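Novice: generate coordinates for the sequence data below:
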Amino acid sequence: MSVNPSRQDAHRKPRPWWLGLGVLAMGALWLNGARSIASTTNYIGVGPAAIILAVGMGLAVLGVILITQAMRGELVASPEGEEEAPPSRSAFLLALAGVSIPLLTIRWLGFPLTAMLAFTLVTHAFGSRRTGLDLMVGAVLGSVAWLGFSRLGISLGPFLPLIG
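Specialist: As a prediction, the model looks like this:
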């Protein structure tokens, strides 16, 4: 009985199942965070929890798909010496912290400062080392998003709870 060499090599390479598990955990964090948001609706018919639920469910589904691909051998870490580098656990954990930080800090810091921190952590996970610029861009994006939601009548809490 002949075994396909490429299939045999896939069984020897490390399988980054932890990547799918991490994405699944992010989805669970988002779904858990959505439970604490009031499901009030406005004239647009969708409450603020709907987006968070959608993101959480999407992350959970993607996590299951990644785990399945890793277990089947379709998703393998490249060994050293090849062109493609294996996934970086530290970068993944930094990105995980970036997307999880809103669940932990939004009540105390407010939306703009939380968005600023989350944006900076995620950009650093992708290789940016311009912390000052990343903080500024995150603050501007968070402020614009807060103002946009406020104009739609959706409250994201006080702008800066630490001040008021």
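Novice: can you tell me how far the residue nearest the centre of the chain is from P48?
Specialist: Nearest to the geometric centre of the chain sits V99, at 4.0 Å (Cα atoms, centre = their mean). In this view, V99 and P48 are 17 Å apart by Cβ to Cβ, to the nearest Å. (Glycine included, C-beta is placed from N, CA and C.)
Novice: thinking again about what came up before, and for the residue nearest to the centre of the chain, nearest residue in space, chain neighbours not counted?
Specialist: In space, and not counting its chain neighbours, V99 is closest to M26: 5.8 Å by Cβ to Cβ, 6 or more residues apart in numbering.
Novice: how many residues are close by the one you found?
Specialist: M26 has 21 neighbouring residues, counting by other Cβ atoms under 10 Å.
Novice: distance of it from V137?
Specialist: Distance of M26 to V137, given as Cβ to Cβ: 22 Å.
Novice: now L66
Specialist: Taking Cβ to Cβ, one finds L66 at 29 Å from V137.
Novice: so these two - more neighbours on which side?
Specialist: Neighbours were counted for L66 and for V137 using other Cβ under 10 Å; L66 has more, 21 against 17.
Novice: so that one is in which element?
Specialist: helix 48-72 (DSSP states H and E).
Novice: chain neighbours aside, what residue packs nearest to T123?
Specialist: D134 (4.6 Å).
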